[in-house]
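Asker: need a 3D model of the sequence below.
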Amino acid sequence: MLRRCFVFFVLVGVALAATPAQLQNSEDVLRVRARKLTARDIPLLKQKVAAGNAVSQWMLAHAYQAGTGIPKNEAEALKLYQKAADKGLSVAQVDLGTFYHSGQLGVSKDDGEAMRWFQ
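Answerer: Below is the predicted model of the structure:
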């Protein structure tokens, strides 16, 4: 438990201090961490989202999409992915491009919009 909290705080701290270019190199780390979220992580994540942190927005979006630690909510997930992508977080931009390309997460299939996010 203590170790899990420590790892979470370190990752959030790194995310808050990192630039978008630095975060592009750690997309795999973010994806692995997002898969391990628990219900206990959600309140802190929501605080960081309220403060406008793009990495936290993406992680909470992933949690809403997968129903990891929080009930599934695709509409809220899409909203948070959009916010993180608009802030330049590349992992969120790639995810949005994928959703538009395949018509997932409640969006209509739109290859033009997908390409916009992939660029």
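
Asker: so what pLDDT did the residue lying closest to residue 40 once chain neighbours are set aside get?
Answerer: In space, not counting the residues next to it along the chain, residue 40 is nearest to residue 69; the distance is 7.6 Å by CB to CB, 6 or more residues apart in numbering. From N, CA and C alone the C-beta is placed, and that goes for glycine too. The predicted local distance difference test score for residue 69 is 90.

Asker: now swap in residue 62 and tell me
Answerer: In the predicted model, residue 62 carries a pLDDT score of 90.

Asker: that one - how many residues pack around it?
Answerer: 23 (other CB atoms under 10 Å).

Asker: state the distance from it to residue 119.
Answerer: Applying CB to CB, to the nearest Å, the value for residue 62 to residue 119 is 22 Å.

Asker: assign the residue nearest to residue 40 to helix, strand or coil.
Answerer: coil (DSSP: H, G, I helix; E, B strand; the rest coil).

Asker: tell me the contacts of it?
Answerer: For residue 69, the set of contacting residues under the criterion of CB atoms under 8 Å, 6 or more residues apart in numbering consists of 37, 38, 39, 40, 41, 42, 63.

Asker: among those residues, name the buried ones.
Answerer: Buried members of those, counted by 16 or more other CB atoms under 10 Å: 37, 41, 42, 63.
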